[in-house]
Every structure is written in C-alpha cells, then in structure tokens.
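Visitor: Fold the following.
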Amino acid sequence: MYLVHNINSTILGVGERLVLIRHIFFTLI
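Guide: Numbering: from 1, shown residues only. Modelled structure (predicted):
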C-alpha cells in the first residue's frame, strides 16, 4: 500500500515537472 502510494506520488511529481518544463519551453519560443 505504501509502495503504491510512493509510486503514484513519483508519477505525479514527474508529470508536474513535465508540465512546468513544457510551459517554460513554450514561453521561450
């Protein structure tokens, strides 16, 4: 249960990071 929660948190963290990178990328262009 705890491991699944950890994995979900990691995926959400990566998703947020990708959205942030994409936002910065489109802002620069």
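
Visitor: what about the chain, any weak spots by pLDDT?
Guide: Applying pLDDT under 70 to the chain flags the ranges 1.

Visitor: try 90
Guide: 1-9, 11-12, 28-29 (pLDDT under 90).

Visitor: Please enumerate the helices of the chain.
Guide: All helices of the chain, identified by DSSP state H, fall at 2-28.

Visitor: how about stretch 9-24: buried residues?
Guide: For stretch 9-24, the buried set under the neighbour-count rule, 16 or more other CB atoms under 10 Å, is empty. Glycine gets a C-beta too; all of them are placed from N, C-alpha and C.

Visitor: so how far is that stretch off the chain centroid?
Guide: Its chain's C-alpha centre and that of stretch 9-24 lie 2 Å apart, by CA atoms, centre = their mean, to the nearest Å.

Visitor: Render the CA-only coordinates of it in CSV, please.
Guide: The C-alpha trace of stretch 9-24 is given here as CSV (Å, rounded to 0.1, in the frame of the first residue of the first chain):
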residue,chain,number,x,y,z
SER,A,9,3.5,10.4,-5.9
THR,A,10,6.6,10.0,-8.0
ILE,A,11,4.5,9.8,-11.2
LEU,A,12,2.6,12.9,-10.2
GLY,A,13,5.8,14.7,-9.4
VAL,A,14,7.3,13.8,-12.8
GLY,A,15,4.0,14.9,-14.5
GLU,A,16,4.1,18.3,-12.8
ARG,A,17,7.7,18.7,-13.8
LEU,A,18,7.0,17.9,-17.4
VAL,A,19,4.1,20.4,-17.5
LEU,A,20,6.4,23.1,-16.0
ILE,A,21,9.1,22.3,-18.5
ARG,A,22,6.6,22.4,-21.4
HIS,A,23,5.3,25.8,-20.1
ILE,A,24,8.8,27.3,-19.9
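
Visitor: For the remainder of this discussion, apply numbering that starts at 329.
Guide: Let's use 329 as the start, then, which means that last one is stretch 337-352.
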